[in-house]
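Novice: fold the following and give me the result.
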Amino acid sequence: MARKRKIIEAKIVDSIFPNKSVAKHEDRTIIFKGGIKGQKVRVLLGKKKKDYTEGKLLEVLESSPLETMEGCIHYGNCGGCTYQRLTYEEELKLKKDKVLALFEAEDIRDFHFLGIEKSPRVEAYRNKMEYTFGDEEKGGPLSLGLHKRGRFYEVVEVTGCNIVEKDFVNILKEVLNYFREKKIPYYHKRSHEGVLRFLIVRKALSTGEILVNLVTSSQGEIDLNEFKDRLLNSKGIEGKIVGILNTIDDNLADAVKVDELNLIYGRDYIVEEILGLKFKISPFSFFQTNTFGAKKLYSIAREFAGDIDDKIVFDLYSGTGTIAQIMAPVAKKVIGIEIVEEAVEKARENAKLNGLNNIEFIVGDVLKEVENLKERPDLIVIDPPRDGIHPKAINKIIDFRPQTFVYVSCNPITLVRDLKVFRERGYDIEKVKLIDMFPRTPHCESVVLMSRVKE
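Specialist: Numbering: from 1, shown residues only. Take a look at the predicted model:
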């Protein structure tokens, strides 16, 4: 007979980046996802580790003294934002303190810390949302929104979401009402039956262009022409819908995979503008979700790069080539490496769109492709995914021995891990600046300047 797991009540006494809480109960330390320091919570106890017990947050019984704002109307029900009820100043302080604690834990000190840069927008800052079709309770009417907090199946209609512009909400409502009228079923993750899976909306916040991607299974028929007309004739949309697509996805995973991509209307990209450059963004291109924050982020990276006139720059993990193109107007040459082929194709298109002919983009894994590079860089910019630099690639990258590295990171945990290697290999960590690209969430971007120690 299975042993019944214990449920306890406790107060959160500390937090660990990005979203883990630490509570004390009797002589135990309990660590679990979610929560804010100062909250009283109900926690389901799990496995015992050497120094702590794993837990699962079940319910917030008392708010934290830090929670002084009203926040979003969906807070607590929606599984999205964590810091909705904190003042923005308190949120920035929390992020700064948690990131600096990671540096301190790895004994990374003696650098010039430039603080944390605010996001230009705290509300309505996101340029992309991926909504899920489902129901709010088993057997209930069709819903479209985000997952409920701590739930895998139930979906919350986030019509009051405050981190997106109203166009996102209006499109969500129009699509939901249309499919409720048509009585088309959503795709059930248990039975793998049904039609409607996801709705992805992207909006170029600087130009107002909108791309709508309806993701469905192949199990039923949808009048896509009628769906298109309904969207194009909907009221209250301030931007301009320039493209409507339908992705067919019959994979079992609860994530968007493309079996077939069909263009229903217009074009398959939007154009965003940052720092005087234009970028084509296709349905699955990576692009920073905070457009105006990205301007700040890339300006900081450019500033950290310093004087690159007539110098060779490597942009590793280059994505759609945003950083490469910001460096290119003054550099002698920029070489970007990115493993996602579609991203490289868009990067090449964007460079052509911006009249930049001193950039070379290479498709491939950084781990392998750096071995084929013949040029000797003066500066290397690194902007890796959340996992950081591959352990087998980091020494190959450092072997180029440029004078300067600029490391842009979306995950301070893997950042400090990698910085230890750079330091061991003869690089000083000179400057660190944080920028809040994800208001109301625990996440934060970092930009680090490193210089080779004089021999």
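
Novice: now the strands for the stretch 51-200 of the chain?
Specialist: Secondary structure of the stretch 51-200 of the chain (DSSP state E, counting those that start in this stretch): strands at 53-62, 112-117, 128-135, 142-147, 155-156, 196-203.

Novice: Phe314 and Glu360: what is the separation?
Specialist: Per CB to CB, to the nearest Å, Phe314 is found 10 Å from Glu360. Yep, even glycine has a C-beta here, placed from its N, CA and C like the rest.

Novice: shared neighbours of the two, anything?
Specialist: Val334, Ile335, Gly336 (CB atoms under 8 Å, 6 or more residues apart in numbering).

Novice: ok, Leu102 touching Ser409?
Specialist: No. Look at Leu102 against Ser409 with CB atoms under 8 Å: they stay out of range, at 10.9 Å.

Novice: neighbour-wise, which of these two wins?
Specialist: The neighbour count for Leu102 versus Ser409, taken as other CB atoms under 10 Å, is higher for Ser409 (25 against 18).

Novice: picking that back up, okay if I get the strands of the stretch 51-200 of the chain as a markdown table plus mean pLDDT, mean neighbour count and distance to Ala351?
Specialist: A markdown table is the format used below for the strands of the stretch 51-200 of the chain (pLDDT from 0 to 100; neighbours: other CB atoms under 10 Å; distance: least, CB to CB, whole Å):
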| stretch | mean pLDDT | mean neighbour count | distance to Ala351 |
| --- | --- | --- | --- |
| strand 53-62 | 92 | 17 | 46 |
| strand 112-117 | 98 | 15 | 27 |
| strand 128-135 | 96 | 21 | 22 |
| strand 142-147 | 96 | 21 | 35 |
| strand 155-156 | 94 | 23 | 40 |
| strand 196-203 | 98 | 23 | 21 |
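
Novice: quick one, which of those is nearest to Gly76?
Specialist: Evaluated over the strands of the stretch 51-200 of the chain, closeness to Gly76 peaks at strand 53-62, with 7.1 Å, by CB to CB.

Novice: what's the closest one packed up against?
Specialist: Strand 53-62 sits against strand 28-33, strand 40-48, with contacts defined as 3 or more CB pairs under 8 Å, 6 or more residues apart in numbering; DSSP states H and E.

Novice: in which helix or strand does the residue lying closest to Ile200 once chain neighbours are set aside reside?
Specialist: Leaving aside its chain neighbours, Ile200 sits nearest to Asn213 (4.2 Å; criterion: CB to CB, 6 or more residues apart in numbering). Of the helices and strands defined by DSSP states H and E, Asn213 is found in strand 209-216.

Novice: neighbouring strands - and their directions - for that strand?
Specialist: Strand 209-216 pairs in its sheet with strand 196-203 (antiparallel), strand 240-248 (parallel), by DSSP bridges.

Novice: could you export the last one as CSV, CA atoms only?
Specialist: Taking Å, rounded to 0.1, in the frame of the first residue of the first chain, the C-alpha atoms of strand 240-248 are listed here in CSV:
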residue,chain,number,x,y,z
LYS,A,240,-2.7,45.3,-39.0
ILE,A,241,-3.0,41.6,-39.6
VAL,A,242,-0.6,41.0,-42.4
GLY,A,243,-0.5,37.2,-42.3
ILE,A,244,-2.7,34.3,-41.2
LEU,A,245,-1.4,30.7,-41.2
ASN,A,246,-2.5,27.2,-40.3
THR,A,247,0.0,24.8,-38.8
ILE,A,248,-0.9,21.1,-38.9
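
Novice: and it, which residues are buried?
Specialist: Using 16 or more other CB atoms under 10 Å as the test for burial, strand 240-248 gives Ile241, Val242, Gly243, Ile244, Leu245, Asn246, Thr247.

Novice: turn the residues you listed into CSV, including pLDDT.
Specialist: Listed next are the buried residues of strand 240-248 as CSV, based on pLDDT from 0 to 100:
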residue, pLDDT
Ile241, 98
Val242, 98
Gly243, 98
Ile244, 98
Leu245, 98
Asn246, 98
Thr247, 97
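
Novice: which among the residues you listed gets closest to Glu9?
Specialist: Using CB to CB, these come closest to Glu9 at Thr247, 44.8 Å.

Novice: sorry, back to before: next, the angle from the helix or strand just after the strand holding Asn213 to strand 240-248.
Specialist: Per DSSP H and E, the first helix or strand lying C-terminal to strand 209-216 is helix 224-232. When axes from the mean of the first three to the mean of the last three CA atoms, to 10 degrees is applied, the directions of helix 224-232 and strand 240-248 differ by 150 degrees.

Novice: what is helix 224-232 packed up against?
Specialist: Applying 3+ CB pairs under 8 Å, 6+ apart, one finds that helix 224-232 contacts helix 166-182, strand 240-248, strand 260-266.

Novice: got the buried residues for the longest one?
Specialist: Of the residues in helix 166-182, those scored as buried under the neighbour-count criterion (16+ other CB under 10 Å) are Asp167, Phe168, Val169, Asn170, Ile171, Leu172, Glu174, Val175, Leu176, Tyr178, Phe179.

Novice: about what we covered before: and which of the shared contacts of Phe314 and Glu360 is nearest to Ile281?
Specialist: Gly336 (16.7 Å).

Novice: now do stretch 227-235, average pLDDT.
Specialist: Mean pLDDT, stretch 227-235: 96.

Novice: all helices of the stretch 301-450 of the chain, in order?
Specialist: For the stretch 301-450 of the chain, applying DSSP state H, counting those that start in this stretch gives helices covering 322-327, 341-353, 366-369, 391-398, 412-424.

Novice: out of those helices, deepest packed?
Specialist: Looking across these with neighbours counted as mean count of other CB atoms under 10 Å, the highest average goes to helix 322-327: a mean of 26.

Novice: which strands and helices sit next to that helix?
Specialist: strand 277-281, helix 291-305, strand 312-316, strand 333-338, helix 341-353, strand 359-363, strand 379-382.

Novice: is Val201 bridged to anything, and to what?
Specialist: Under DSSP bridges, the beta-bridge partners of Val201 are Met129, Val212.

Novice: any weak-confidence spans in the stretch 301-450 of the chain?
Specialist: Of all residues in the stretch 301-450 of the chain, none has pLDDT under 70.
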